[in-house]
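Novice: how would this look folded up:
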Amino acid sequence: MEIKVLGTGCAKCKSLEKNTIAAVEQLNLEAKIEKVEDIMEIMKYGVMVTPALVADNAVVVKGRVPSVEELKSILTQ
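Specialist: Residues are numbered from 1 along each chain as shown. Next up is the predicted model:
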């Protein structure tokens, strides 16, 4: 699984990255997590509000920071 955390480096973006890493570890998922801070790259996903989460090229979260439990549910769908 390829996961991208989209955000310019704000506190919410860092929280989303931290929660995503925790969810992946708890699920024992084989995943590559990448942090994308370039606004032009973020806009390619059609995201206007950060933070956002992309899993296998699909935007699954935008504009908020889900809990670790919610992320585990999102990542296993």
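Novice: rest of the way, CA atoms for contacts and neighbours
Specialist: Fine.
Novice: Select the longest helix from the protein.
Specialist: Secondary structure of the chain per DSSP state H: the longest helix is helix 11-27.
Novice: which strands and helices sit next to that one?
Specialist: For helix 11-27, the helices and strands in contact under the criterion 3 or more Cα pairs under 8 Å, 6 or more residues apart in numbering; DSSP states H and E are strand 2-6, helix 68-75.
Novice: residues in contact with the most centrally placed residue in the chain?
Specialist: Against the mean C-alpha coordinate of the chain, by Cα atoms, centre = their mean, the closest residue is Leu53 at 2.8 Å. Leu53 makes contact with 3-6, 59-62 under the criterion Cα atoms under 8 Å, 6 or more residues apart in numbering.
Novice: helix or strand for it, which one?
Specialist: Secondary structure from DSSP states H and E places Leu53 in strand 52-55.
Novice: and stretch 53-66, average pLDDT?
Specialist: Stretch 53-66 carries an average pLDDT of 96.
Novice: buried stuff in that stretch?
Specialist: Using 16 or more other Cα atoms under 10 Å as the test for burial, stretch 53-66 gives 53-55, 59, 61-62, 65-66.
Novice: For the chain, which element, helix or strand, carries the lowest mean pLDDT?
Specialist: helix 39-43 (a mean of 93; mean pLDDT, DSSP states H and E).
Novice: Which strands and helices lie in contact with that helix?
Specialist: Going by 3+ Cα pairs under 8 Å, 6+ apart, helix 39-43 lies up against no helix or strand.
Novice: Relative to the whole chain's centre, how far out is it?
Specialist: 14 Å (Cα atoms, centre = their mean, to the nearest Å).
Novice: what separates the strand holding Leu53 from the chain centre, distance-wise?
Specialist: 4 Å.
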